[in-house]
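*Asks:* Build me a model from this:
(2 chains)
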2 protein chains.
Amino acid sequence: MKSFLTLRSVDDVLDMIGEFSPLPVEYVPIDEAAGRYLAVNFFAPEDIPGFDRSTVDGYAVRARDVFGASESSPALLRCVGNCPMGATPDIILREGETVSILTGGMLPEGADAVVMVEYSRPIGDNMVEFIRSQAPGDHVLLHDEDVKQGQLAIPAGRRLLPQEIGLLASLGQTQIGVHRRPKVSIISTGDEVIPFHEVPSPGLVRDVNSHSLASLCRNEGAIITGNVLVRDDREKLAASIRDGLEAADVVLVSGGSSAGMRDYTVEIFQSMPKSQLLVHGVSISPGKPFIFARSEEKSLIGLPGHIGGALICAHVFVRPLLQRLQDAESHIEPQVQATLTRAVVSTQGRRDYIRVRLTKKGNVWEADPILGPSGLISGLVQANAFVVCPENSEGLYAGQDVIALLLR
Amino acid sequence: MKSFLTLRSVDDVLDMIGEFSPLPVEYVPIDEAAGRYLAVNFFAPEDIPGFDRSTVDGYAVRARDVFGASESSPALLRCVGNCPMGATPDIILREGETVSILTGGMLPEGADAVVMVEYSRPIGDNMVEFIRSQAPGDHVLLHDEDVKQGQLAIPAGRRLLPQEIGLLASLGQTQIGVHRRPKVSIISTGDEVIPFHEVPSPGLVRDVNSHSLASLCRNEGAIITGNVLVRDDREKLAASIRDGLEAADVVLVSGGSSAGMRDYTVEIFQSMPKSQLLVHGVSISPGKPFIFARSEEKSLIGLPGHIGGALICAHVFVRPLLQRLQDAESHIEPQVQATLTRAVVSTQGRRDYIRVRLTKKGNVWEADPILGPSGLISGLVQANAFVVCPENSEGLYAGQDVIALLLR
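*Replies:* Numbering: from 1, shown residues only, chains lettered A, B, ... in the order given. Down below sits the predicted model:
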């Protein structure tokens, strides 16, 4: 069994991920763009709303005409019409005049404020009393108050959420440039692994990793180009990796829990075109046997055989890689501040990812470490978050305040 | 203009949402089930891994045969073969015997522990020295240690994440029962609103809400059955709502910023089969004009016209409704503990949702309230979270510790 070259730190690996180039840009309809990452800065092509708009139901006025108005000393104006919704009012407001207006209506020329209907009193003969003073701009949304033409409306790298889709719609964008989805090929290995729809005889287990990993990658916008199961056979594994590299941007080799298979994986990675072995072992637990290589701009990843290590490595490395390939801006990991319910022991120089179950006790979140080997799938299902024990620490103590990162 | 009946509290509305019944169950392939909610408790049909498995590369032994072994006093055993991967070893281990085994291999009968290869020393003639003592069970994963047949493996209501998909695969489930996706029909109203691909003349604005809302609903697993734009016309609106109710589980009417349109909406909701008006106005800001009715098991929702109020109501009410229809268990909202950078004023008796921009300063998150009217789409795009100012408070002070709920 070959030993690990040099264990890399988690941060080293993340730095290497940062050196990959984003994928090419493609244009997609905005209604299909949610969750994708904006490829280039989007500058507003026009003002929003584009005209001075009332924000209430009431009367458009010249503010100076109602200056000082009050219940005891109302201002009296002549109502000369109403502002139609969705059109330019054909009225120019003159001294002593008002027009009725609805929320969202366009102010007529001459008007600079709106009085809410609650402070108006029609007294017949088209005359209206106003019992409140207004300043210019009151209850008016100016033509460029929401968005100004030319302003940076959405920065490149932003994940497009419902509000960004709305902003693009309001500016008439039917399509938007995003980085194309990363393609991922998943290869599961192991003589003891059978497809999940088969019944294992003793000694065999069903393929778990490829289903979990596919689901995690799809969450990050990836397309799964293939999902194959390869026996511990060097030539077949090499052929599958070559095929994967041809079809996909990222090849994930999972399993191969035997030492021999791990060596194959490294050697095959190294034999790929212009390949460069970046990482062979990370000071992380679980997940130490992580392998990372590049072949030109494509990524080759060997994940630990057991699902615990494979999924933690996928969370810690594969997700950031898929985000990097889409040029995602840095973002906030969903998290909860919690109190650890029992001590956990770690090893200095290694970053530990501790599975925890969060529960709320009154106003406080408690993070209960999941006991048992990290390789169990049941432990991951019991957990809903993990807590990081950093390299410079020998553990966390019971009652310690921790940040629990939510599993997604 | 009709006044609001009685303003309901946010919690009242959430309680009403809890009274809706979940949608029927459908069976989907597990690789398409990620993000869906498990419909019934899933009990493990078998043990995992199903056989006693080695967790390391090494030698399977009877623990008592290496009891007390050390560097200075090694135990000497005869290697009688190796355990094939993926099959039952055809060996029964007797006193003084060992077999080589790889990670994931099945232990032979008679063996009860594995010694890591690092602590073994083949000395020729099939004899192996062991320099470490082991207890029974060391480096062995027992046949039911991960999952025990009959145990509750995944509770109903759980959102299926990569690890749950993996667990289902490991237990040979090809399909799984989840509540079917809620169908949502979106109706935008307003004489001033035009489709997003058209160029507005002055006084007109493009439809923003329906694109934002569709995106938010899809994030919660919904299928958008229709997305129509209706002028301020009572008959046409009634027809669209009837059509929506026929096709969908939830009808969202957005816009209708004019008071008249709001009245139409309430009256039309009330005219639907077996309808019951639940809410007409909520003590929330933004979002006060929220309307909520049910027609048998279907929901009718009127959202405020401006996008700020519409999206907050969608976050606070529509998302929980869509989750309820899928019988989602209660879950943790992604959040960050932050320090508010400036004071915000609220009104007692009302729950305020304050848009904030989170930035990290050293180890602390700062939540910077977004200024300007809540109805602006740009303010929502600037924000990445919101902070709740509760009903019993008149505001939040600068420097206050707050929970910022991440926008998604």
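*Asks:* and residue A:27, how many residues sit next to it?
*Replies:* 11 (other C-beta atoms under 10 Å in any protein chain shown). Where you see a C-beta, it was placed from the backbone N, CA and C, and this is true even at glycine.
*Asks:* wait, isn't it in contact with residue A:179?
*Replies:* No: contact criterion C-beta atoms under 8 Å: residue A:27 and residue A:179 do not qualify, at 11.3 Å.
*Asks:* So what does the closest residue to chain B within the stretch 251-400 of chain A have for phi and psi?
*Replies:* When distances are taken as C-beta to the nearest C-beta, the stretch 251-400 of chain A reaches nearest to chain B at residue A:334, 3.0 Å away. Backbone torsions of residue A:334, given as degrees, to the nearest 10, read phi -60, psi 130.
*Asks:* How many neighbouring residues does it have?
*Replies:* 19.
*Asks:* How about residue A:125?
*Replies:* Residues near residue A:125, counting by other C-beta under 10 Å: 7.
*Asks:* got it, and residue A:173?
*Replies:* Residue A:173: 21 neighbours (other C-beta under 10 Å).
*Asks:* Next, give phi and psi for the nearest residue to it once chain neighbours are set aside.
*Replies:* Counting by C-beta to C-beta, 6 or more residues apart in numbering or on different chains, residue A:30 is the residue found nearest to residue A:173 once chain neighbours are left out, at 5.9 Å. The phi/psi pair for residue A:30 (degrees, to the nearest 10) reads phi -60, psi -30.
*Asks:* OK, contacts around residue A:30?
*Replies:* Going by C-beta atoms under 8 Å, 6 or more residues apart in numbering or on different chains, residue A:30 touches A:165, A:168-169, A:173-176, B:196, B:211.
*Asks:* Next step: these restricted to helices.
*Replies:* A:165, A:168-169, B:211 (DSSP state H).
*Asks:* Let's see if you can find the most crowded of those residues.
*Replies:* residue A:168 leads the ones in helices among the contacts of residue A:30 on contacts (other C-beta under 10 Å) with 28 neighbours.
*Asks:* Distance-wise, check it relative to residue A:180.
*Replies:* Distance, residue A:168 to residue A:180, by C-beta to C-beta, to the nearest Å: 18 Å.
*Asks:* now residue A:86
*Replies:* Taking C-beta to C-beta, one finds residue A:86 at 39 Å from residue A:180.
*Asks:* Tell me which helix or strand in chain A has the weakest average pLDDT.
*Replies:* helix A:259-271 (a mean of 84; mean pLDDT, DSSP states H and E).
*Asks:* Just the CA trace of that one, in CSV.
*Replies:* Output of helix A:259-271 as CSV, limited to C-alpha atoms (Å, rounded to 0.1, in the frame of the first residue of the first chain):
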residue,chain,number,x,y,z
ALA,A,259,-5.9,0.0,-1.0
GLY,A,260,-5.2,-1.4,-4.4
MET,A,261,-8.1,0.3,-6.0
ARG,A,262,-7.0,3.6,-4.5
ASP,A,263,-3.6,3.2,-6.0
TYR,A,264,-5.2,2.4,-9.4
THR,A,265,-7.2,5.6,-9.1
VAL,A,266,-4.2,7.7,-8.5
GLU,A,267,-2.2,6.1,-11.3
ILE,A,268,-5.0,6.3,-13.8
PHE,A,269,-5.7,10.0,-12.9
GLN,A,270,-2.0,10.6,-13.5
SER,A,271,-2.1,8.9,-16.9
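*Asks:* What lies in contact with the helix or strand that comes right after that helix?
*Replies:* The helix or strand immediately downstream of helix A:259-271 is strand A:275-280, counting by DSSP states H and E. Applying C-beta under 8 Å, 6+ apart, the contact partners of strand A:275-280 are A:4-6, A:8, A:12-13, A:16, A:266, A:269-270, A:290-295, A:300.
*Asks:* and the angle for strand A:275-280 with helix A:259-271?
*Replies:* 140 degrees (axes from the mean of the first three to the mean of the last three C-alpha atoms, to 10 degrees).
*Asks:* Can you mark which positions in strand A:275-280 are buried?
*Replies:* Across strand A:275-280, burial judged by 16 or more other C-beta atoms under 10 Å in any protein chain shown covers A:275, A:278-280.
*Asks:* buried ones in stretch A:37-55?
*Replies:* A:37-39, A:42, A:44, A:46-55.
*Asks:* of these, closest to residue A:137?
*Replies:* Nearest to residue A:137 out of these is residue A:52 (C-beta to C-beta; 9.2 Å).
*Asks:* Not counting sequence-adjacent ones, nearest residue to that closest one?
*Replies:* Nearest non-adjacent residue to residue A:52 (C-beta to C-beta, 6+ apart): residue A:107, at 4.4 Å.
*Asks:* gap between residue A:105 and residue B:202?
*Replies:* 11 Å.
*Asks:* So those two - more neighbours on which side?
*Replies:* Using other C-beta under 10 Å, the more surrounded residue of residue A:105 and residue B:202 is residue A:105, with 31 against 14.
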